[in-house]
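S.K.: Dropping a prediction and its sequence here:
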Amino acid sequence: MKTTTIRRTLPVFALFLFGFLIPHSPSKIYCSLSTIDLKAPPPSAENPPHPPKDQPIALLSNSQQRMLPEDSNDPSDDYGAYDRASLPPHKRYDRLISSAADEFDVDFYLIKGLIQAESSFDPTAVSSEGASGLMQIMPGTADMLGVQDRFDPQQNIYAGVRYLKFLIEALDGDIRLALAAYNAGITRVRQWGGVPPYKVTKRYIKQVFRYAKEFRSL
């Protein structure tokens with residue numbers, strides 16, 4: 001039990017420490033983790049961060065490796081034998097979102113609100129800065145979390161929710177600050193001692209909460 005707890009805690013601690021070291025642009029509206037090896041010692045001048053080369057970190061632990069059914073007639077499933085395009089965009093990935101919400105203990109509707117604000121539920125969305133997919137994952141973040149295909153909804157959602165959970169915990173459970181950090185970077189949030197005074201960030205937070213409220217009422 002102790003070994004499992006330590007293994008699950010180390011990645012979060014590394015992310016928490018690294019949040020202080022990497023500057024974020026206030027204009028970026030996507031997940032912006034830098035590429036680091038979560039198993040390596042904390043980065044320093046003598047030990048700069050670098051991406052893993054031969055053995056990427058798995059997005060899920062061994063105990064979390066589970067596959068969705070390959071064939072299903074349930075229209076709420078995400079990889080079933082049905083025309084997913086027939087569903088409204090905000091319902092096409094409910095099962096994946098629910099699974100990630102349970103895994104990382106993040107509100108289901110908050111995740112949906114964030115995805116709506118980030119990509120309008122378009123898994124092929126690409127920002128001018130190179131962020132991709134439903135939760136707009138950057139290449140460095142994908143490498144760090146072992147995401148092989150940022151356009152794959154399952155990998156993208158799990159990476160985005162895992163990062164959001166890190167921000168929530170790092171900011172003492174303050175959802176508003178966590179959203180600000182997802183948008184502008186945790187470094188900016190700490191520098192300002194709260195939500196940075198950027199219009200794009202303030203608008204982003206309001207959008208996510210509004211979308212989450214709307215989805216909850218459906």
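M.R.: Here it is on my side, so go on. Numbering: from 1, shown residues only.
S.K.: Not counting its neighbours along the chain, what's nearest residue 90?
M.R.: Distances taken as Cβ to Cβ, 6 or more residues apart in numbering place residue 121 nearest to residue 90, at 5.5 Å, with adjacent residues excluded. (Glycine included, C-beta is placed from N, CA and C.)
S.K.: scratch that, residue 202
M.R.: residue 195 (6.6 Å).
S.K.: Surely that neighbour is in a helix?
M.R.: No. Counting by DSSP: H, G, I helix; E, B strand; the rest coil, residue 195 falls outside a helix, being coil.
S.K.: For it, grab phi and psi.
M.R.: Here the main-chain torsion angles of residue 195 (degrees, to the nearest 10) amount to phi -70, psi 120.
S.K.: Run a quick neighbour tally on residue 102.
M.R.: Residue 102 has 10 neighbours, counted by other Cβ atoms under 10 Å.
S.K.: I should have written residue 129 there, sorry.
M.R.: 13.
S.K.: Likewise for the one 5 residues further on?
M.R.: Neighbours of residue 134 under the rule other Cβ under 10 Å: 31.
S.K.: what pLDDT does it get?
M.R.: On the pLDDT scale, residue 134 is placed at 97.
S.K.: contacting residues for it?
M.R.: Contacts for residue 134 (Cβ atoms under 8 Å, 6 or more residues apart in numbering) come out as 93, 115, 118, 119, 121, 122, 123, 125, 153, 156, 157, 160.
S.K.: Same question for residue 189.
M.R.: Per Cβ under 8 Å, 6+ apart, neighbours of residue 189: 171, 177, 180, 181, 195, 196.
S.K.: Residue 200 - how many residues pack around it?
M.R.: Per other Cβ under 10 Å, the neighbour tally for residue 200 reads 13.
S.K.: brain fart, residue 214
M.R.: 14.
S.K.: so where does it fall, helix or strand?
M.R.: Assigned by DSSP states H and E, residue 214 belongs to helix 199-217.
S.K.: can you tell me how far the residue nearest to residue 202 sits from residue 87?
M.R.: Applying Cβ to Cβ, to the nearest Å, the value for residue 195 to residue 87 is 34 Å.
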